[in-house]
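[1] dropping the sequence and predicted coords here.
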Amino acid sequence: MKRDPEGRADFPRPILILEGVGGSGRSRVLDDTWRRWARTTPIARVDPLAGGDDSDSMRSVLKAVMLGLTAEAPGYRVSFPRVVLAHIAMSAPINESDPEKSVRTLRERINTYQDPSLVVTLLQRLLPVAAGTLGLDAPSLDKTLEEMIGRLGKSGLRSKLLWRDALAWFEHQDQDFCHDPERALVRLSRQADDPGAGVRENVDRLLMTALLADLRDSFDRAVNHPSRAVLLLDNGDAPSAGQFLKTLVKARSKLERHGVPRDPLTVITTSGGYILAESAGLSERAAQWPESALADLSRSDLHNAGTWLRVLLDGFTTDAVEYLVEADLTWWPPSLGVGTITNAVLRLTGGHAEATDLVLAQLRNDPKVIDDLGRVLSEHAPEQGQTMESYLIDRITADLSPRKRLHEHLREALITLAGARDNEEAQCLTPLLDNTVHAEPILFTSPSLWPMPQPRGRWAMAPFVRFLLLRRLAERPGNHSASWTRVFERLRDHTADEDVCGRLHHELALGNHETVVTELFKLLGEASGAEWLECLDRIVATPGLRPPHDTTAPADTAAESRRAAVAQLVTALHQLADPVLSDREVLRGHYTVAAEACRRLSDADARPFAERAQHFRKLAEALT
């Protein structure tokens, strides 16, 4: 939000996109930004869905931006004479066959709208939806309109509105045109309601260009302005928001080619990955930045990031959760330390913002459930008749697509795809999906759904999101077309022969515990300790939500004792992979078993197993 570090007023400002699954805190970042900058700089917080806008037109968003940036901020008097004049021309089509008569009709209309009260009436008719996206009630809208019209005149509402400067702009439109400005507005009035995509795009781009010109002029007149106009655009995947951003990028590109100084508008929007990825060309992940990039938006490397700056909201850190716990110390019994609460919550939620808030709220009400967090997921909160688990799954699903008719289909598809370890492996599950979502590439490409980088350019779901979906997959009956067994059998059968760890992962998910132990025991003499342990970690990564078919203990011979240690290690780590396991006594027992099993295997390759045993012992001691 600061000037360029080198002092240049004209530096690239990418559109900042906050990405993350539903409940990851994207809207919260917008709220925090609003609280920080409101009444300090012109700022508008727009949510197309809040106003009931389900159209694919960007014009309601543009009107909301114009309305929102009119709010009072010391040192600024933002006004939009070009945009208002454009809407005067668009208020009714001029269909005269005689070009000269059309121009006279336009002149009469412009002269009529020298009366500020008529302009207020026009805008009152045009802006109700825009007011809804801003959360303005009727009195607030009227007050803002008065301010808007007052800034258009030299001496407020009582003076006539003179449109000469605004009209002159329609000659060149900042692109070196030589149009007759009145004829340009006549053409605009005729095209305003044309349903053709090409015509609509032309009108939208003209309106956007006018908006940016008005902003440049307003800020050029501002005294000692240290910051810029800010648009906080929530639900950027809504069709109207996506079209607004697409039009903004195209307008800026054209103006840049004509040497026009950059506009003073900073845009921060949110996305679950749908329209921004599909329509605005954001399929590349190379421009994605970590959440820590939000700490300093003035860094020169961020400003030079290009058209888009994508920030992944990857959840609360340990420090952030500790702060939330410490801020409410009076709620916690003395027997629970901050670290104990923090570790239990993070183990379940992985830092997912809304889930963390909900779990902490439940723990404040009943701290004893810290040893049974599965009960927390089954609580009927925050919506009546719906468990917390169902609510969170719905939040995650809803943000994948703005098309409500697809939500239930997408939800079921996500549950099926959760079996896959990454988005590439998920492709083989496509035949198990409902035909309704077969053509939805967002299921495999959404950076919010698949945010975790994996080897060979693959991406995995966030562990907490996958865990919630896997629990639903485990609940499907055996005769379901995409049951747990059918999903993991298909994944196993499509695993490459050389991917032994991947195949054993799916075997373990299917409950074939002894198959996994037998092959791991064989690998123990063929791989180094570090390689063997890395393979084990990959095998047990999916929580054991289904019981194993056979866990019979082997006979007590020297070789079988080591095999038994492998079996115990697999069992313990597979159970520890379940984040809903929160009983500290049980957790400590599993870590102790895992540490002892690693100790017994250390003669194979002493150092890696000894280090892993020490790690498990420390985790067990932390739970005492």
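    Alright, I've got the coordinates.

[2] list of residues touching the helix or strand hosting Trp34?
    In the assignment (DSSP states H and E), Trp34 maps to helix 26-37. For helix 26-37, the surrounding residues in contact (C-beta atoms under 8 Å, 6 or more residues apart in numbering) are 1, 18-20, 43, 45, 227, 230, 232, 234, 268, 270-271, 294, 313, 353. Every C-beta, even on glycine, is put in place using the N, C-alpha and C of the backbone.

[3] from those residues, which ones fall inside strands?
    The strands in this structure, assigned by DSSP state E, contain 18-19, 43, 45, 230, 232, 268, 270-271 from the contacts of helix 26-37.

[4] could I get the residues you listed as JSON lines with pLDDT?
    Formatted as JSON lines, the entries for those read as follows, by pLDDT from 0 to 100:
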{"residue": "Leu18", "pLDDT": "90"}
{"residue": "Glu19", "pLDDT": "87"}
{"residue": "Ile43", "pLDDT": "94"}
{"residue": "Arg45", "pLDDT": "95"}
{"residue": "Val230", "pLDDT": "94"}
{"residue": "Leu232", "pLDDT": "96"}
{"residue": "Ile268", "pLDDT": "94"}
{"residue": "Thr270", "pLDDT": "92"}
{"residue": "Ser271", "pLDDT": "88"}
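
[5] out of those, which are buried?
    Neighbour counting by 16 or more other C-beta atoms under 10 Å classes 18-19, 43, 45, 230, 232, 268, 270-271 among the ones in strands among the contacts of helix 26-37 as buried.

[6] next, give me the two most distant ones among those residues.
    Glu19 and Ile43 (21.6 Å; C-beta to C-beta).

[7] give me the buried positions along stretch 77-88.
    Using 16+ other C-beta under 10 Å as the burial criterion, the residues of stretch 77-88 that qualify are 78-88.

[8] biggest separation within those, which pair?
    Taking C-beta to C-beta as the measure, these reach their widest spread between Val78 and Ile88, a distance of 18.9 Å.

[9] the host helix or strand of Leu207 packs against which elements?
    Taking DSSP H and E as the definition, one finds Leu207 inside helix 197-221. Packed against helix 197-221, as judged by 3 or more C-beta pairs under 8 Å, 6 or more residues apart in numbering; DSSP states H and E, are the following elements: helix 59-68, helix 81-90, helix 181-191, helix 239-257.

[10] how far off strand 229-233 does it point, in degrees?
    Orientation note: helix 197-221 sits at an angle of 140 degrees relative to strand 229-233 (axes from the mean of the first three to the mean of the last three C-alpha atoms, to 10 degrees).

[11] just the mean pLDDT for helix 197-221, thanks.
    Here helix 197-221 scores 95 as its mean pLDDT.

[12] how far does that helix sit from its chain's centre?
    For helix 197-221, the distance from its own C-alpha centre to the chain's C-alpha centre is 27 Å (C-alpha atoms, centre = their mean, to the nearest Å).

[13] how close does Val325 sit to Pro81?
    Applying C-beta to C-beta, to the nearest Å, one obtains 53 Å for the distance of Val325 from Pro81.

[14] repeat for Asp217
    With the distance defined as C-beta to C-beta, Asp217 ends up 8 Å from Pro81.

[15] again, but for Ala420
    Summarising the geometry, the distance separating Ala420 from Pro81, computed by C-beta to C-beta, is 55 Å.
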